[in-house]
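K.L.:
sequence first, then the predicted structure, then my questions.
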Amino acid sequence: MNINRTNITSEGSLPMEQIVAIIRSVIEELNVPSTLHQPIFRGHEWEYLKDCIDTGWVSSVGSYVDRIEQMLAEYTGAKRAVAVVNGTAALFIALKLAGVEPGDEVLIPTLTFVATANAVVYCGATPHFVDSEFATFGTDPAKLDHYLGDIADIDSEGARNRFTGARIKAVVPMHTFGHPVDLDPLVELCSRWKLEMIEDAAESLGSFYKERHTGTFGRIGILSFNGNKIVTAGGGGALLFNNEAEAKLAKHLTTTARKPHKWEFFHDMLGYNFRMPNLNAALGCAQLENLPDFLASKRKLALRYIEAFKNVPGVKVVKDSPFTKSNYWLNALVLDEEVASQRDALLDATNENGIMTRPAWILMHHLPMYENCPRMDLSVAESLEKRIVNIPSSVSRICA
Ligand SMILES: *Cc1c(COP(=O)(O)O)cnc(C)c1O
């Protein structure tokens, strides 16, 4: 992605009418809805859902659950995928399996959806907020490395925060709007600092970093199939594993930890009922079959936006880098710093004209339950928070 901060109008104000007109003409040309993101069902969705109802397999067991797990493993290149009830539950289980314990700290971006932080707290651990880089919106490996040098030591148990005394157990990069974090230096940093990496790939199904699917670089990766994601199961999530034994344990843990037996209900550990119902898996399978078509449609839309906004003063549309392939889940306008104060006026101008736009999330360290958590300097995320406006990004109503 390439965001420079030049070319502002002489008056220093955003050309609101022009921006509205450009978005309208692009989405009309490509037959894209004016909502931010809505699902599209034009494959085998009805057929598979009807099959669940006709056969009675609607709930916690069924062939579509196995099938979606196989499809996900095959597509992402992970050794195994385990389907669960949503992405948040997947994150929680991933952190637990990686050994995150009460009192630990977990490094997560402040620029993320609240689920990333919540999952850390569900483990009894503390989110420790990390800054983004402009180029990816995601974790800045160099800045994080420098920061760890200032605040952490390594002992026999791994990294320890010199100021809080807590063990720093893991890093959770998040691939914002589908754009991959710069993973190579982050993987290297994790091995040097003895940190587990759990990838929050909830937004990046179909995104690749140097030809390898996001979510397969860390110890565990997670996906989400919420209604607003690139592929929906109505609701759902998945864990991606490179380790067969760990995947087996995840399946056991998320299905109440019951030992298989003819009639006995013997549970050998504290388990969770985090299964993905077969109905949801059926919807997800049908959607996944269309993923290549969805990706082509989204790439086309993103490239049209990039082209159309090329000479518009004050705004940039983010583009993936030569070594990444974004799924372009959500397109974002990034306002130049000089016009950041006009973000809300732009939100008004677009929404009032029937074009749905939204700001990025409020940063995690600005939320009441997270305002006292440890953090590094977060100036890039602070700047991005004020400057990002997401614009309509659904798949086209007509095939790509
Ligand atoms: C959607 C999302 C999740 C998980 O979402 P669920 O709604 O629980 O499936 C987690 N992290 C990020 C960044 C997300 O966008």
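P.N.:
Sure, I can see it.
K.L.:
not counting sequence-adjacent ones, nearest residue to residue 265?
P.N.:
residue 258 (6.5 Å; C-beta to C-beta, 6 or more residues apart in numbering). C-beta: built from backbone N, CA, C; applies to glycine.
K.L.:
then residue 221?
P.N.:
residue 215 (2.8 Å).
K.L.:
give me the number of residues near the one you found?
P.N.:
Residues lying near residue 215 (other C-beta atoms under 10 Å) number 29.
K.L.:
list the residues that contact it.
P.N.:
76, 78, 199, 201, 204, 205, 221, 222, 223, 240 (C-beta atoms under 8 Å, 6 or more residues apart in numbering).
K.L.:
that's a strand at it, yeah?
P.N.:
No: read with DSSP: H, G, I helix; E, B strand; the rest coil, residue 215 is coil and lies in no strand.
K.L.:
which pLDDT value belongs to it?
P.N.:
We note a pLDDT of 98 for residue 215 in this prediction.
K.L.:
can you give me phi and psi for it?
P.N.:
In terms of degrees, to the nearest 10, the main-chain angles of residue 215 are phi 100, psi -10.
K.L.:
what's the separation between it and residue 72?
P.N.:
9 Å (C-beta to C-beta, to the nearest Å).
K.L.:
now do the shared contacts for the two.
P.N.:
Shared contacts of residue 215 and residue 72, counting by C-beta under 8 Å, 6+ apart, come down to 78, 223, 240.
K.L.:
closest one of the residues you listed to the ligand?
P.N.:
Distance to the ligand, by C-beta to the nearest ligand atom, is smallest for residue 223 among the shared contacts of residue 215 and residue 72, at 8.4 Å.
K.L.:
so the closest one sits against residue 91, correct?
P.N.:
No: using C-beta atoms under 8 Å, residue 223 is not in contact with residue 91, being 10.2 Å away.
K.L.:
what do these two both touch?
P.N.:
In contact with both residue 223 and residue 91: 202, 237, using C-beta under 8 Å, 6+ apart.
K.L.:
can you read off the backbone torsions of residue 159?
P.N.:
The phi/psi pair for residue 159 (degrees, to the nearest 10) is phi -80, psi 140.
K.L.:
tally of neighbours for it?
P.N.:
Using other C-beta under 10 Å: residue 159 sits among 24 other residues.
K.L.:
let me see the confidence value for it.
P.N.:
Residue 159 is assigned a pLDDT of 98 by the prediction.
K.L.:
does it have beta-bridge partners, and which?
P.N.:
Beta-bridge partners for residue 159, by DSSP bridges, are residue 154, residue 168.
K.L.:
swap in residue 316?
P.N.:
Under the criterion DSSP bridges, residue 316 forms beta bridges with residue 334.
K.L.:
would you confirm that it contacts residue 331?
P.N.:
No: counting by C-beta under 8 Å, residue 316 stays clear of residue 331, with 11.3 Å between them.
K.L.:
neighbour count: these two, which is higher?
P.N.:
The residue with more neighbours, out of residue 316 and residue 331, is residue 331; 26 against 22, by other C-beta under 10 Å.
K.L.:
tell me which element residue 218 falls in.
P.N.:
Residue 218 belongs to no helix or strand when elements are defined using DSSP states H and E.
K.L.:
actually residue 91, sorry about that
P.N.:
Per DSSP H and E: helix 87-97 holds residue 91.
K.L.:
so for that helix, what's the average pLDDT?
P.N.:
98.
K.L.:
partner strands of the helix or strand that it is followed by and their direction?
P.N.:
Proceeding N to C from helix 87-97, the next assigned helix or strand is strand 105-109, under DSSP H and E. The pairing partners recorded for strand 105-109 under DSSP bridges are strand 126-130 (parallel), strand 167-171 (parallel).
K.L.:
in the chain, which residue sits closest to the ligand?
P.N.:
Proximity to the ligand, evaluated over the chain using C-beta to the nearest ligand atom, is greatest for residue 87 at 2.7 Å.
K.L.:
what sits against that residue?
P.N.:
Counted by C-beta under 8 Å, 6+ apart, residue 87 has contacts 115, 202, 222, 223, 224, 225, 226, 236, 237.
K.L.:
which of the residues you listed lies closest to residue 36?
P.N.:
residue 226 (13.1 Å; C-beta to C-beta).
K.L.:
tell me which element the closest one is part of?
P.N.:
Residue 226 belongs to no helix or strand, assigned by DSSP H and E.
K.L.:
could you pull up phi and psi at residue 267?
P.N.:
phi -110, psi 120.
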